[in-house]
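S.K.: only geometry, no sequence info:
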């Protein structure tokens, strides 16, 4: 797995390289936006870790330009900016996840693996778990081969759970994913309401969505 780190903090990059190499990843580094443009043209990466501020530009502009060029590589924003509107700006610009500095090494590795797992799953046009079937291309859902009609949010929720199968997603993570404008982050009731509606529509496949008391929800891939 090839990971490109774009960050001008050499001390941080040194630590990241050590951590990620020990986790089995191949690491490449760009210390500036200009170098990032050169590195991104030289190789296809499985994941990009991107900082916000650089002496020669900023990560948001770089991100937007790459998405405009149809770059599909998962991008994890790693920044000390911690305001909700700044996180929303990064996600709305095309980032797949956002992690604040300073961060836990355990959480960073977990988020990287979740992004890589999700990317691998989404490359499939269709996925089935027991009697539940999702078609990512057509955004269709079937239970026992019968079509189930979901709202946009309900489909996104189910897609998020399925592409992170065997991972317990917290209410905060789900809310953050479904509400890119961050208006609803303080209310876990919204997530529970979406889960309730989704379970109702899935009928006998609703048992696939497990509640982890005090944490969140998961779908187990058996």
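M.R.: All right, it came through fine. Because the structure is a prediction, the values reported are computed rather than measured. Numbers count the residues shown, from 1 in each chain.

S.K.: Can you tell me how far the closest residue in space to residue 71 that isn't next to it in sequence is from residue 103?
M.R.: Spatially, and ignoring its direct neighbours in sequence, residue 71 is nearest to residue 40 (7.6 Å; CB to CB, 6 or more residues apart in numbering). No exception for glycine: its C-beta is placed from N, CA and C like everyone else's. According to CB to CB, to the nearest Å, residue 40 and residue 103 sit 23 Å apart.

S.K.: Comparing these two, which shows the higher neighbour count?
M.R.: With neighbours defined as other CB atoms under 10 Å, residue 40 and residue 103 compare such that residue 40 has more, 20 against 12.

S.K.: That one against residue 63, yeah?
M.R.: No. Here residue 40 does not reach residue 63: they are 11.2 Å apart, not a contact under CB atoms under 8 Å.

S.K.: circling back: elements contacting the helix or strand the residue nearest to residue 71 falls within?
M.R.: Take DSSP states H and E as the rule and residue 40 turns out to sit in helix 33-42. With contacts defined as 3 or more CB pairs under 8 Å, 6 or more residues apart in numbering; DSSP states H and E, the packing partners of helix 33-42 are strand 2-6, strand 26-30, strand 57-58, helix 59-68.

S.K.: What are the boundaries of the strands in this protein?
M.R.: Taking DSSP state E to define them, one finds strands in the chain at 2-6, 26-30, 47-50, 53-54, 57-58, 75-79, 97-100, 126-129, 132-135, 140-143, 146-148, 169-170, 209-212, 216-219.

S.K.: Would you mind splitting the chain into its domains for me?
M.R.: What automatic domain parsing lists as the domains of the chain is 2-120, 124-219.

S.K.: wait, isn't residue 6 in contact with residue 59?
M.R.: Yes. Counting by CB under 8 Å, residue 59 is a contact partner of residue 6 at 7.0 Å.

S.K.: list residues touching both of those two?
M.R.: Common neighbours of residue 6 and residue 59 are listed as 33, 50-51 (criterion: CB atoms under 8 Å, 6 or more residues apart in numbering).

S.K.: now, among those, which is nearest to residue 211?
M.R.: residue 50 (34.0 Å; CB to CB).

S.K.: so what pLDDT did the nearest residue to residue 10 once chain neighbours are set aside get?
M.R.: If the residues on either side of it in the chain are set aside, residue 10 comes closest to residue 31, at 6.9 Å by CB to CB, 6+ apart. At residue 31, the pLDDT value in this model is 96.
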